[in-house]
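Trainee: When you get a sec, could you give me coordinates for this:
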Amino acid sequence: MALDRGMVHVYTGNGKGKTSAALGLCLRAVGRGLKCCFIQFIKGVPTGEMEAVKHLPGFEFYQTGRPGYDFRITDEDFKRAREGFELALKKSSEVDVLVLDEVNVAVHLGLLEVSRLVDFIRGKPPYLELVLTGRHARAEVIELADYVTYFQLVKHPYYLGRKARKGIDY
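Mentor: Here you go, the predicted structure:
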C-alpha cells in the first residue's frame, strides 16, 4: 500500500459538512494515486457525490442504508449495517483510505456495537487511513483517533423550513 502509516480521523458534531470533508480528503488522496473506498451507513438516497466518483479511478462508493430511511429502525436496517461493516472489513485490506460515513450514527442508533467499531480501529491494517463520520461519536472512538474534528451548527436554511437542494446538499 502507498501509506507507511495510516491514521484515524473522526468527523463529528451537529454541523453540516462531515461527509463533504471526508469526500474532500478522498479527492485529495485519489489525486495522489491512493485508492479510496467510501461506505455510507444510514444513507440510501442517490447523491451527486455518488455520480461524481464514478468518473474517478481508484474511488469506490457504496451505500448500505435503506432508501428513504426515516429513523424508525427496522430489521432491514440492522441487516444493512452488518453488511456495510462486513464490506468495511473486506475493503480495509484492499485500499489506502477507507471512509465509514455515518458509522457514528449507526453506533448511536444501536445498529452496530461500539465494541465492534473499537476492535476494527485497533485491528486496522497499519497503512490504512480510516475516516469515521457522523454525529454522536462515542468517547471510546474519539480516544483512539489521531484527528478529531467537531462540526458545530451555527446556521442552516433547513431550520428555516427550506428543503435540501439537489447538487448542493445531496
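
Trainee: ok, Gly6 - contacts?
Mentor: Counting by Cβ atoms under 8 Å, 6 or more residues apart in numbering, Gly6 touches 96, 124-130. All C-beta spots, glycine's among them, are computed from the backbone N, C-alpha and C.

Trainee: From those, keep the buried residues only.
Mentor: With burial judged by 16 or more other Cβ atoms under 10 Å, the buried subset of the contacts of Gly6 is 96, 124, 128-130.

Trainee: can you list contacts of the host helix or strand of Glu76?
Mentor: Counting by DSSP states H and E, the element that carries Glu76 is helix 75-91. For helix 75-91, contacts defined as Cβ under 8 Å, 6+ apart pick out 37, 39-41, 44, 60, 62, 64-66, 69, 98, 100, 106, 109, 111-112, 116, 120.

Trainee: Would you mind listing the buried residues in it?
Mentor: Buried, per 16+ other Cβ under 10 Å, within helix 75-91: 77, 80-81, 84-85, 87-88, 91.

Trainee: ok, so of these, who is nearest Thr149?
Mentor: Ranked by distance to Thr149 (Cβ to Cβ), these are led by Ala88 at 20.5 Å.

Trainee: Where in this protein is the helix or strand with the lowest mean pLDDT?
Mentor: helix 48-53 (a mean of 92; mean pLDDT, DSSP states H and E).

Trainee: Now do it: which elements does it pack against?
Mentor: Applying 3 or more Cβ pairs under 8 Å, 6 or more residues apart in numbering; DSSP states H and E, one finds that helix 48-53 contacts helix 18-31, strand 59-63.
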